[in-house]
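1. The sequence and its predicted three-dimensional model are supplied below.
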Amino acid sequence: MEIITSRNNPIVRLAKSLKDKKFRRQHGLFVVEGEKFVAEIPAGWEIAQMVASQSYAQSLDLRDCAVVADNLFGEMADTVNSQGIFAIVKIRQYSFDDICNTGNSLIIILDGINDPGNLGAILRLADSAGASGVFLGADCVDTYNSKVVRAAAGALFRVPFVYEDLAAVINRLQSAEIKVLAAMPKNAVSIYYQNLTEPLALLLGNEARGIKPEIARLADANVQIPMPGAAESLNAAMACGILVYEALRQRLWN
């Protein structure tokens, strides 16, 4: 078994570079780290390279896998206590039609979501609720950020997502007779009084500043989550969960 020990090895240099969004996009690759997450990569996704630490590789029969000295693997890994294996995977490009190809769409639109944990949780939520997909504004965090990949817990491979100009997205959705509802903190109709059974896109913004005014005004209507307590806002992923599951409840039981 050949052990990679040089920091100048092309695989080592590539893996380190993929921690940066610029190089993920340049190479069209991202990293999936951890035994469980690597095992969940679907057959339809192309794995460019498997990489394991020397300690991990000694306990298994790993073929077509680059084996790296433990100290060097620690520099390549993104987690503090790495499990000793990661995959370099080819990025997949989705289109508008990949998301809007269902009869009764339930779509999520995100404006300015920049916390990786929130975005990963929203992808996981979309997967669990059977949502059609997610549109993201250019100022959202990268879906292939390692923290997003871990927080999504495999949903990244099952939920189509597209980065696009949100004004253009909303216009196309409305042309396809998909209603766009903007989640607002006040001066809006309660989601519990809104019909969510028709083809629908839910628009959510950054929890600090909300949806940009120029994007919010394009929505067909505004909705809000009742909050009789003292809190002024909810975590973006939590708010998204309440909205999406109210839509799902209406569709399943009404």
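-> Alright, I've got the coordinates.
2. For the residue found closest to residue 222 once you drop the neighbours it is linked to in the chain, which residues are in contact?
-> Using CB to CB, 6 or more residues apart in numbering and skipping residues adjacent in sequence, the residue nearest residue 222 is residue 188, 3.6 Å away. For the C-beta atoms, the positions are set from N, CA and C on the backbone; glycine is no exception. By CB atoms under 8 Å, 6 or more residues apart in numbering, residue 188 lies in contact with 182, 221, 222, 223, 224.
3. Do you know the pLDDT at residue 188?
-> If you check residue 188, the pLDDT there is 93.
4. Kindly provide the distance from it to residue 227.
-> 12 Å (CB to CB, to the nearest Å).
5. What is the burial count for residue 73?
-> 25 (other CB atoms under 10 Å).
6. Ignore what I typed, I meant residue 2.
-> 6.
7. quick one, what contacts it?
-> Residue 2 neighbours (CB under 8 Å, 6+ apart): residue 67.
8. Give the burial count for the nearest residue to residue 154 once chain neighbours are set aside, as a bare number.
-> Excluding its sequence neighbours, the residue lying closest to residue 154 (CB to CB, 6+ apart) is residue 40, at 4.4 Å. Other residues near residue 40 come to 16 when the count uses other CB under 10 Å.
9. And for residue 132?
-> For residue 132, the neighbour count with other CB under 10 Å is 22.
10. domains in the chain, as residue ranges please.
-> 3-90, 96-253 (automatic domain parsing).
11. Next one, pLDDT for the residue nearest to residue 103 when sequence neighbours are not counted please.
-> Of all residues not flanking residue 103 in the chain, residue 199 sits nearest, at 7.7 Å (CB to CB, 6+ apart). Predicted confidence (pLDDT) for residue 199: 95.
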